[in-house]
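Colleague: Model the structure of this input:
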Amino acid sequence: ESALAAATAQFAKDGLAAVGGGAADGLLLGVRRSTGTVDAVSPVSEPEFSYTLPLHAPEARVHWAGSGPQPRPLDRTGAGFHHLGDVTLRVRDAARKGDGWRTYSTVHRDELCGAGGKPAATVLSEGGRAFSADATACVRPAGAPLTLKRSVAAAGAAGGASVVTWELTNTASYSLEVGA
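Modeller: Reported below is the predicted structural model:
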């Protein structure tokens, strides 16, 4: 079995969709189906390596906020960890600027999108070189006046770039101003 096939099989086992990895691609991307975020960015020539931290690495012991005095084994699958593609936005009514900003995010300290029966992203398309998901269910607090679609596309080796895009759609009956 080739290293690329082994990496793709491991992605599937971890619940990740493999994006790219073909002969014309420079990178193999692992996209979490439940959130639409990128969890692995690997060169096609070295698929066992990732530029991102692994989701699980018991041999890697790290400190993070709230981990206590002793380092813990690395496990980025829980709530509160940022992944490539997560967003935090501030939104307000464009006509009523005095009402202030409301913050919405796909990163939560207390819950993980799609875990424990919680709503997850809905896969819209998946295949080979691209992946997209409606991630509105991952936005907290619930009731945001917008929808969120995340898309990931692999790049060809001819100088293109792999891209992560977000599409926001205003579902409110009024104009919104979006900030970061």
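Colleague: any idea how far residue 119 is from residue 136?
Modeller: Computed as Cβ to Cβ, to the nearest Å, the residue 136 to residue 119 distance reads 9 Å. (C-beta placed from N, C-alpha, C; glycine too.)
Colleague: where does residue 116 land in three-state SS?
Modeller: The local conformation at residue 116, judged by DSSP: H, G, I helix; E, B strand; the rest coil, is helix.
Colleague: Revised request: answer the last question for residue 69.
Modeller: When states are read from three-state DSSP, the local structure at residue 69 comes out as coil.
Colleague: what's around it, how many residues?
Modeller: Residues contacting residue 69 under the criterion other Cβ atoms under 10 Å number 5.
Colleague: residue ranges of the helices in the chain, please?
Modeller: 3-13 (DSSP state H).
Colleague: Might you list the low-confidence residue ranges for it?
Modeller: For the chain, the stretches with pLDDT under 70 are 1, 66, 156-160.
Colleague: can we see that at 50?
Modeller: Counting by pLDDT under 50, the chain contains low-confidence residues at 157-158.
Colleague: for the closest residue to residue 30 other than its chain neighbours, what are its contacts?
Modeller: When the adjacent residues along the chain are set aside, residue 30 lies closest to residue 40, with 3.2 Å between them (Cβ to Cβ, 6 or more residues apart in numbering). Neighbour list for residue 40: 11, 16, 28-30, 50, 52, 54-55 [criterion: Cβ atoms under 8 Å, 6 or more residues apart in numbering].
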